[in-house]
Each structure stands twice: as structure tokens, then as C-alpha cells.
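Colleague: sequence first, predicted model second:
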Amino acid sequence: MIKKTIHTKGHFKSINIGNTFSIKTTNESLFISHEDIEKNKASGKGVDCPGFYPYQTIKSNEIILRENQEFPNWMQFQKNREVEGVNCNFLFNGNTTEQKRILRSMLYTQFVVVPPSSYLNRTTDCQQYIKETGFITSSLTEEEENFPIAYSIVVYKHIEQVERLLRSIYRPQNVYCIHCDKKADNTFKQALKGITSCFDNVFMSTRSISVTWGDTSCLTPDMECMKDLWRHKKWKYFINLTGQEFPLRTNLELVRILKTYNGANNLEGTVKRALTLRWEGLPPPPHGIRPIHGSVHIVVNRKFVEYILFNKVAKDFFNWTKNTKHASEIFFNTLNYNPQLNISGSYKGVPETDCTSNPFLTRFKNWGPSSPFFNWPCHGKIVRQICIFGVGDLPLLAKRPEMFANKFYLNYQPYTLKCMDQLMFNRTREEYFNGFKLDIAKYQSLEFIKNAI
């Protein structure tokens, strides 16, 4: 007997994931105050930011199931995905016995990496490749079919991990631009070309950039993909990703969330916490623009992308950012938080994302002590100040409300990413067969939605 999924409001105290999900919650408030943030920072405690999960399933007799499926792996979709050799449900539950067992096993088990060269052979028969890898080649629902999303994916290594990311977010109505670093290994590039050749809506960017950390070349790949994606007329929102990220939301959840955004963009932005040294000594930006610092990760509507590509103000400001440090953390954010520019979906309130009413829901990253909002324990390892997630982080990842998480290494505690893959696939099945409802009111109360241009 399969249990019904129950997604209820509140903060998670524990998670029990069987074939689907059962969740224990408390009646804590939806958001936390700045005072609580400061108290928890002072005491070294983690802060739940923002910590809500506004989903609820509905009974299967309340939705219409599609009878005739056209995608070749329909039989695979009938069953839950299970990772061999590990009980992912136990790991998501925080079962310490299973955590210790898996950590010990990974010490003595060599992880077999699928080399790029294998993809050159596997993708010669695209139909067989798609069937074997389990890509979902149906839009699944009419709602998803009518709300296509555009993605840029910036990559340079680890072809198997890139494939897993693409598979997890792939739907035939969406469109995907993959930018491969010009410095990447040639076999890796050829493997990517093999994969993209099997899909009409997945392609390599027309222009490839040699990316150098910290300069404008980190920004340019997304811009190049925007140009290529613009030729596809139907998509509603643009999301940028890297090859070391993974979704926390299913495609249907993303569609419901973005529809609730109603054209609003979600980008991180701050003046109080801005690293102004990155543009110190430069002349003022053109057109009276006020520089805003934030994350490179963005969710923006189509008209925002149009402004970036074709508006002279955006082009002038882009040229100004060429002399800054880490332009990728300045350009998009600044355009979104200068309301006098009147850009579609941009924010006309105070340019400060926070954990109370203006949260950054695009990406979850565990920066540890360097974060202004939360200091989660990292159960993986720290690389350049950011947590590379391990199996001990799975309970936290399962309850995060953001769209995507950063960062994963498939060759480090590989069961972390494999279990996340299982979770997203099985949740997709659960939503398809049983449906779910989104608590729209929780989103409508957010400042970046209420105060969008």
C-alpha cells in the first residue's frame, strides 16, 4: 500500500520519506526576524532561511491522468527510482546507522567514473540512449507544456554529472543552452555534442568563452546563451545553472512557483553587505545607476532578458562592469534593483534580500560562517568557503524551499547526488499520479512579488 504524500506548512523537525513523503512539522512562524538572525549568529546556531514548504498533495481523483504516454521510458516511469546499495530514504531521515555504513563503504569502494569517451558511442543511437538513461520525454501535464522554461548551463568537466543535471530538469517543452568552457578537454566537448545531438531542444552555445574566475568572462557565458535562447519564442522564464548544481524542485513545482511570481524576478541584492571594493576607484556607472551586489544565480522573465540583450542602457552598464571584479555578481543584480530603469519584473523596494519578507529563493548554498543569514553545519567538505554537500546534508536538502542547490561533486560522496536524483524523480512521479497544490498566499506575501515592476 502506497502512502499519500502530505506536504503541510511549517518548519521541518524531521522527515520520513518512504515511497513518498511524510513530514512532521511544528507551528513555527513562516519567516524569522533579523533579531533572531543576529541572536543565532552570535550563538553559532544555524538559521532557517526562509524555511517554508508551501506544497500540499491532492487526491488522485481530483486530477486527470493522461492515459496515452508517448515517451519511450514510460514503463520506467511507472516505478520509483532506487539507488543500488544504499537506502536513500534512511539517509533523508537522518538515520545515523545508514550514514555511517555508507561513509565507511565509500572509503573502501572506488567510484567508477563514466568517461566522456563512452558517450561518443552511446549517443550514436539516440533512441536507445534516451531510453537507457531515463530522460522524461513527455511534458507530463498540460500546465507544464504551456509554461516552458529556458536554461543556461555553464560547464567544463565531469560529463556524467552534467548528464545527471540535464536529465533531472529535462522536459521537451523547455529549452537548454549548454556553454562549454573553451579550455575544456576536447573529448568532453565531443561527449556534450553527442548528448545534445539527441534532443531538438538542447544545444551548445554558438560561441564558447574561455572563462577566468573573477573577471567578465564569468558573466559572458550566460549572455551568450541568452542570445541563443532568444531565438526560441515561447519560453516564459530564464534560469542560469552550472554543472555542479541540482534541482530541489520538480519541473511542475517550478512552473507553479514561476506562475505565482507573475513576472517578478528573483535575484539576490544588497547595499548593506555589498563588497564595494569590487568597483572602488571606478567612475560612476552610466545613466545614474546604483551598483548592487548579489549572487550570480538568477531567475528572470523573458522581457528582462530582452532588455539585457537589446537596450542601450544595459549595454552601457555592461561595458562599465568590464572594469569591476566579479562582474557576474553585479550586472544582473544591479539592473534588477534600479527601479528607475523600469525593467520588467525588477524590484522597486529597498534593495536588500533577507530571511523575512524578501527571500532569495533561486539557490541554496551553504556558505557556513561567511554567510550573513545562516551557519549550517557542513557534512561534506568546504572548498573555497562553500560546502560541497555530503550524505549527512541530505535531510537539510530535502526540506529546503529554494529551486536549486549548489554545490555537488559526483566524485565526492557520490551517494549524495544519486539520492537527490532519486528524490526528484520519485517526487515527479508522486506529483503526476497524485497531484499537489501550491499555497499561493505564501508567495503572494513576498516583497519581490508584491513590488515588482
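Modeller: Structure received.
Colleague: and for S346, the neighbour number?
Modeller: Residues near S346, counting by other CB atoms under 10 Å, number 26. All C-beta spots, glycine's among them, are computed from the backbone N, C-alpha and C.
Colleague: cool, and K79?
Modeller: Other residues close to K79 by other CB under 10 Å number 10.
Colleague: what pLDDT does it get?
Modeller: The score at K79 is 87. That number is its pLDDT.
Colleague: enumerate every residue touching E224.
Modeller: Applying CB atoms under 8 Å, 6 or more residues apart in numbering to E224 gives the contacts 177, 179, 205-207, 209.
Colleague: okay, and it sits in which element?
Modeller: Assigned by DSSP states H and E, E224 belongs to helix 220-230.
Colleague: send me that helix as CSV with only the CA atoms.
Modeller: Extracted C-alpha coordinates of helix 220-230, given in CSV (Å, rounded to 0.1, in the frame of the first residue of the first chain):
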residue,chain,number,x,y,z
THR,A,220,29.6,36.3,-20.7
PRO,A,221,28.6,32.6,-21.0
ASP,A,222,25.1,33.4,-19.7
MET,A,223,24.9,36.3,-22.0
GLU,A,224,25.9,34.1,-25.0
CYS,A,225,23.2,31.5,-24.0
MET,A,226,20.6,34.3,-23.7
LYS,A,227,21.3,35.3,-27.3
ASP,A,228,20.8,31.7,-28.5
LEU,A,229,17.8,31.1,-26.3
TRP,A,230,16.1,34.3,-27.5
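Colleague: so after that helix, what's the next helix or strand?
Modeller: Using DSSP H and E, the helix or strand that follows helix 220-230 in sequence is strand 237-242.
Colleague: just checking: what are the partner strands of that following strand?
Modeller: strand 149-155 (parallel), strand 298-301 (antiparallel) (DSSP bridges).
Colleague: out of the ones you listed, deepest packed?
Modeller: strand 298-301 (a mean of 26; mean count of other CB atoms under 10 Å).
Colleague: state the distance from P369 to C378.
Modeller: 10 Å (CB to CB, to the nearest Å).
Colleague: tell me which of the strands paired with strand 237-242 lies nearest to Q110.
Modeller: With CB to CB as the measure, strand 149-155 is the member of the strands paired with strand 237-242 nearest Q110 (24.3 Å).
Colleague: contact partners of the closest one?
Modeller: For strand 149-155, using CB under 8 Å, 6+ apart, the contacting residues are 162, 165-166, 169, 174-181, 184, 192, 205, 211, 221-222, 225-226, 229, 232, 235-243, 251, 254-255, 258, 302.
Colleague: mark which of these are buried, thanks.
Modeller: 162, 165-166, 169, 174-181, 184, 192, 205, 211, 221-222, 225-226, 229, 235-243, 251, 254-255, 258, 302 (16 or more other CB atoms under 10 Å).
Colleague: find the nearest non-adjacent residue to E329, please.
Modeller: Distances taken as CB to CB, 6 or more residues apart in numbering put V296 closest to E329, at 5.5 Å, once the chain neighbours are dropped.
Colleague: oops, could you answer that again for K418 instead?
Modeller: V83 (4.7 Å).
Colleague: count of neighbours near the one you found?
Modeller: 17.
Colleague: so F318 touches I330, yeah?
Modeller: No: the pair F318 and I330 fails to qualify as a contact (CB atoms under 8 Å) at a distance of 10.1 Å.
Colleague: neighbour-wise, which of the two wins?
Modeller: Ranked by neighbour count (other CB under 10 Å), F318 and I330 place I330 first, with 25 against 17.
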